[in-house]
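Participant: Build me a structure from this.
(chains A and B)
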Amino acid sequence: MNARANEIDSRAAWWLQRREFWERSPEDEAAFESWMNESEAHRIAYWRQSAMWSRTERLAALGPSAPEMEPAPSRVLPWMLRIAAVIGVIAAIGAGAANLSVRPQDRVYSTPVGGHETIGFADGTRIELNTDTIVRARMTTDQRLVWLEKGEAYFQVKHDPAHPFVVMMGDHRVTDLGTEFLIDRGAKKVEVALIEGRAWFDRTGSKTASQTALLTPGDDVVATAQSMSVAKKPVAELAAELSWRHGLLVFRGTTLGQAAAQFNRYNRQKIVVADAKAAALKIDGTFPTDGVEVFTDAVHNVFGLRVQSRGADVVISTAQ
Amino acid sequence: MAEKPESGRENTDLRQVDAAMTASEVEAWFVREVLPLEAMLMQYLRRNWRDAGEIEDLRQEIYIRVCEAARKSIPAPAKSFVFVTARNLIIDRLRKVHVIPIEVMADLDALGVALDQPGPERNAIARDELRRLQAALDQLPPRSREAILLGRIDGLTGREIARRMGIAETTVSEHLANGMQALTNMLLRDPDPRDGERK
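Facilitator: Numbering: from 1, shown residues only, chains lettered A, B, ... in the order given. Sure thing, here's the model as predicted:
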């Protein structure tokens, strides 16, 4: 009887995903029904899985401000739609309508504040641009070179040993060795997080060992003009950093000040945290990147903070 | 089905006539009344059963017993019924290995007190659940998490998830099923991360 319950639970979860996410034939349904009728244990395991799964649905739609009522569809829809519609290239500044993979000319892709775009290249490489980002790409038959001029981008590189994929950030350089990685280029520093595969990080013109590193999954490099450090980041933390790919901001023990700064990257309407006491409060939660109102409602409800409009911006302060 | 440990509280014949519950009534009762007790039940089982490898099976057996009983008539209150069933099952099992189960009894009484505390107000529940869901999602293996988020938030089908993640459809099924199973266990069992802060 050992481990039987686990097997049944796995099977119940398998049936649940089968019925939730895949096209179902009458044969499938019949097979499911007969599995359910085989024993009370099967039925109960399925009830249990499906009850918890429907709880995740309600929570995903509920949003973080946690009202008691069912969420109105109109509140949920806008950012769900936005997430579904991000694929595609918006700005292709530069010459002509050339085929990316053959003509040796640079093309520029950019996103506005709050933007999020995915660029697919003919070689299978994909670059996802986060908010307020500029990328210049030179993808030719013998060269794969991309400049991250500013902002943040997630790279899924189709590995090709004959044509290494290179990303330049100023004079810092990442060379892929079969890779998925995230690069965040600020004004003074560059941050590279390696998700999968391997990559080489270095600085052009740099001869010192301290300016080069072979990256493996979980490595997070922070480099400035003067220095460079590599740290291992836990998977959960990397996943949170990549949540913008799903149009989400994930906070875990994040201070209100840091959270506001994150929102301000994505929105023209800025959040101002007026006093240090409010800025130091810590929050957990998941928010749509454009959910300024959802966020300010939540801090108002949870912390009892005062939320006021000031011009186009919104000011959060400790209530007197 | 005859030798139920809880047969001491037999139902009257009055009820038997129209008492057969439909499967969906039993399911609704099970989800509403029994599942919320799972964290406490697991704690109880862990405290009273040495072999950790058998605890899931004990839990399953308890669920089967309570649901079979519920088919005849819905036991009320569910909580004492579940824990009496748990205790009886443990006693049955211990008897087979000739151990005298004194602590089991004592522990149940102690547990009864905690069970009677009033629940937190609704708003707090919703917020706690959200935190719990977030914490549970964070703990999933990255590929499972990605598949679940693509399905749940982006609303992709299994086939679309496979295309987006660049992996085989059968692998997507595995990621989804593993993720769902892990989420179920975490949502039902993990303690609320902010428990200490609630007033």
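Participant: so where do the strands sit in chain B?
Facilitator: Using DSSP state E, no strands are found in chain B.
Participant: any idea how it splits into domains?
Facilitator: Domain ranges of chain B: B:5-114, B:122-191, per automatic domain parsing.
Participant: next SSE after the helix-or-strand element of chain A with minimal mean pLDDT?
Facilitator: Least confident element among the helices and strands of chain A, by mean pLDDT, DSSP states H and E: helix A:73-84 (a mean of 29). Using DSSP states H and E, the helix or strand that follows helix A:73-84 towards the C-terminus is strand A:107-111.
Participant: Can you tell me which helices and strands that following strand packs against?
Facilitator: Packing partners of strand A:107-111 (3 or more C-beta pairs under 8 Å, 6 or more residues apart in numbering or on different chains; DSSP states H and E): strand A:117-120, strand A:126-129, strand A:133-139. Any C-beta I mention is one placed from the backbone N, CA and C, and that applies to glycine too.
Participant: try 10 Å
Facilitator: strand A:117-120, strand A:126-129, strand A:133-139, strand A:144-156 (3 or more C-beta pairs under 10 Å, 6 or more residues apart in numbering or on different chains; DSSP states H and E).
Participant: what angle separates that strand from strand A:144-156?
Facilitator: In terms of direction (axes from the mean of the first three to the mean of the last three C-alpha atoms, to 10 degrees), strand A:107-111 departs from strand A:144-156 by 30 degrees.
Participant: any low-confidence regions in chain A?
Facilitator: A:1-3, A:57-105, A:205-211, A:320 (pLDDT under 70).
Participant: mind redoing it with 50?
Facilitator: Residue ranges of chain A with pLDDT under 50: A:1-3, A:59, A:62-104, A:209.
Participant: can I see the domain layout of it?
Facilitator: A:4-62, A:87-238, A:248-317.
Participant: can you redo those domains as TSV with mean neighbour count?
Facilitator: Shown next, in TSV, are the domains of chain A (neighbours: other C-beta atoms under 10 Å in any protein chain shown):
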stretch	mean neighbour count
domain A:4-62	17
domain A:87-238	17
domain A:248-317	17
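Participant: now the ones you listed as a markdown table including distance to B:Leu183?
Facilitator: As requested, the domains of chain A are exported to a markdown table (distance: least, C-beta to C-beta, whole Å):
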| stretch | distance to B:Leu183 |
| --- | --- |
| domain A:4-62 | 6 |
| domain A:87-238 | 15 |
| domain A:248-317 | 15 |
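Participant: wait, isn't A:Arg138 in contact with A:Leu145?
Facilitator: Yes - contact criterion C-beta atoms under 10 Å: A:Arg138 and A:Leu145 qualify, at 4.5 Å.
Participant: Please enumerate the shared neighbours of those two.
Facilitator: Listed contacts common to A:Arg138 and A:Leu145 are A:106, A:166; contacts here mean C-beta atoms under 10 Å, 6 or more residues apart in numbering or on different chains.
Participant: Could you give the backbone dihedrals for B:Pro75?
Facilitator: When quoted as degrees, to the nearest 10, the phi and psi of B:Pro75 stand at phi -70, psi 140.
Participant: hang on, I meant A:Ser39
Facilitator: According to degrees, to the nearest 10, A:Ser39 has phi -160, psi 160.
Participant: re the thing from before, of all the helices and strands packed on strand A:107-111, which lies closest to A:Gly178?
Facilitator: strand A:144-156 (10.8 Å; C-beta to C-beta).
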